[in-house]
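[1] show me how the following folds:
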Amino acid sequence: MSDGTQARRTVIYLLDQVLGEGRLLAECYAAGALERLTPEDRARTQRLTLQTLRSLERADRVLQKHLKKSTPLTVQNALRLGAVELCHGAAAHGVVNDMVAIISKHRRHGQLKGLVNAVLRKVAEQGPAEWAKLRVPRLPKWLRKPLAEAWGAEAMLEIEAAHYAGAPLDITGKPGADLTPLGGTALATGSLRLQEAGQVSALAGYGAGDWWVQDAAAALPAQMLQAKAGERVLDLCAAPGGKTMQMAASGASVTAVDTSAARMERLQENLTRTGLTADLVVGDALEQNGQFDAVLLDAPCSATGTIRRHPDLPHAKDGSAFGALIELQAQMLAHAWSLVKPGGRMVFCTCSLLPDEGECQVEEALEMFPDMTVDRDVLPPLGIDPAWITEEGGLRLRPDYWPQQGGIDGFYMALLRKSA
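    Model prediction:
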């Protein structure tokens, strides 16, 4: 077996969990799936898992001509991983030998090692040429249909191309921090983008707490809210805490609320590393009370805007939770609005590509609350394209925006002001 055997074995396990059990990769990681791996194998496992999930449609098309009947999921996932690696130029000897060795030791499917050997040797010969001719993988129908209805067929193809390309690393710096040792490209919105980042914790300034990882889209809601020193600010559904740190860095008194104790521990670690402070509350957003100068609600949503970084999502989910999420968002928006002082403000946002989780929520809230207005004036200074401003005055971001710069997560956000 090659040095990459353990990584490949773990990739197959993770693919089984996502495609067979409907689990998200984040759940698998939290359960310790990567714990016994070396740092090098951990990085390799994550890279290959994401690459295979993004490429499932292509891998299956390359494999189908060599398979006369369906195979057990674990064997199919080994073949998928092997096909992806071979079609991306990995040495055939190492890939084929590893996959054969892994399947040969499987307690139920060991007898299929010969099939794995034969199929992958054919893929090694023919696969790379076939791969180059295949279309960009499409989203599953349950998700592709509503997104195509929302944004159109042409935009859908561009969104899928952005998903397949993956995402660079964006970071947000503390005010006054020197980020020049990192290199990268400064985006118009204020984030710094690194195309080839490597190990995050090894980058300059990480240990000193000069910055944190945060997609450029996710950095905009806090910029839109413009928390100020001396203000009482509430961050609902706060973990893992990028927005909390942005607002704490402004000097505001921030209360951050989230239901997940584990994710709040991670937020506390980030606050400690960056030398920032906030009051952390593990609890339900709907049970919070008080009055605040400003509230930021990043509501639970389908997360369909983050698929370029989380390609497991469309394979682990099926859209059945959309209705409950949309109802929960409306409840949270209404409750969060009750926590805003007269004359105060609130940002409502979701990392979703579905208008029902963004534009429609704000349109309905405007009808429900006569003391609510949308502030459009805050948007142009954020460095965004004016074409991204929506009819009701919010900001719509999509993965196909900024294609030459590496895209941006799908997001919706709006700044809502309460009359005095």
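
[2] and the gap between the residue nearest to residue 175 when sequence neighbours are not counted and residue 229?
    In space, and not counting its chain neighbours, residue 175 is closest to residue 249: 5.6 Å by C-beta to C-beta, 6 or more residues apart in numbering. Yep, even glycine has a C-beta here, placed from its N, CA and C like the rest. Separation of residue 249 from residue 229 (C-beta to C-beta, to the nearest Å): 10 Å.

[3] circling back: what is the burial count for the residue nearest to residue 175?
    20 (other C-beta atoms under 10 Å).

[4] mind listing what it touches?
    Residues near residue 249 by C-beta atoms under 8 Å, 6 or more residues apart in numbering: 174, 175, 274, 276.

[5] same list (those) but as CSV, adding neighbour count and distance to residue 71.
    Formatted as CSV, those follow (neighbours: other C-beta atoms under 10 Å; distance: C-beta to C-beta, whole Å):
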residue, neighbour count, distance to residue 71
174, 19, 51
175, 8, 55
274, 20, 48
276, 19, 51
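
[6] which secondary structure element contains residue 19?
    Secondary structure from DSSP states H and E places residue 19 in helix 5-21.

[7] domain map for this protein?
    For the chain, automatic domain parsing gives the domain ranges 5-131, 216-418.

[8] can I get stretch 207-223 in CSV? Just the C-alpha atoms.
    Coordinates of the C-alpha atoms in stretch 207-223 are reproduced here as CSV (Å, rounded to 0.1, in the frame of the first residue of the first chain):
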residue,chain,number,x,y,z
GLY,A,207,-1.1,33.0,15.8
ALA,A,208,-1.0,36.7,16.5
GLY,A,209,-4.7,36.9,15.9
ASP,A,210,-4.4,39.5,13.1
TRP,A,211,-7.2,37.9,11.0
TRP,A,212,-9.8,35.2,10.7
VAL,A,213,-11.2,33.1,7.8
GLN,A,214,-14.4,34.5,6.4
ASP,A,215,-15.8,34.4,2.9
ALA,A,216,-16.1,37.8,1.3
ALA,A,217,-19.9,37.5,1.2
ALA,A,218,-20.2,36.6,4.9
ALA,A,219,-18.1,39.6,5.8
LEU,A,220,-20.7,42.1,4.3
PRO,A,221,-23.6,41.8,6.8
ALA,A,222,-21.5,43.2,9.7
GLN,A,223,-20.1,45.9,7.4
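
[9] which of the residues in it are buried?
    Residues 209-223 are the ones in stretch 207-223 that count as buried (16 or more other C-beta atoms under 10 Å).

[10] now do the helices in the stretch 301-420 of the chain.
    With helices called from DSSP state H, counting those that start in this stretch, the stretch 301-420 of the chain shows them at 313-316, 322-338, 359-368.

[11] which residues touch residue 5?
    Contacts of residue 5 (C-beta under 8 Å, 6+ apart): 98, 101, 102.

[12] also residue 216?
    When contacts are taken as C-beta under 8 Å, 6+ apart, residue 216 is in contact with 170, 187, 189, 191, 193, 408, 409.

[13] nearest residue to the last one in space, ignoring adjacent ones along the chain?
    In other words, residue 409. residue 217 is the one closest to residue 409 (C-beta to C-beta, 6+ apart), at 4.0 Å.

[14] I'd guessed the one you found sits against residue 410; true?
    Yes: here residue 217 reaches residue 410: they are 7.3 Å apart, a contact under C-beta atoms under 8 Å.

[15] who touches both of those two?
    Once C-beta under 8 Å, 6+ apart is applied, the residues that residue 217 and residue 410 both contact turn out to be 305, 351, 397.

[16] heading C-terminal from the helix or strand that contains residue 149, find the next helix or strand.
    Secondary structure assignment for residue 149, by DSSP H and E: helix 141-151. Scanning forward in sequence from helix 141-151 by DSSP H and E, the next helix or strand is helix 153-165.
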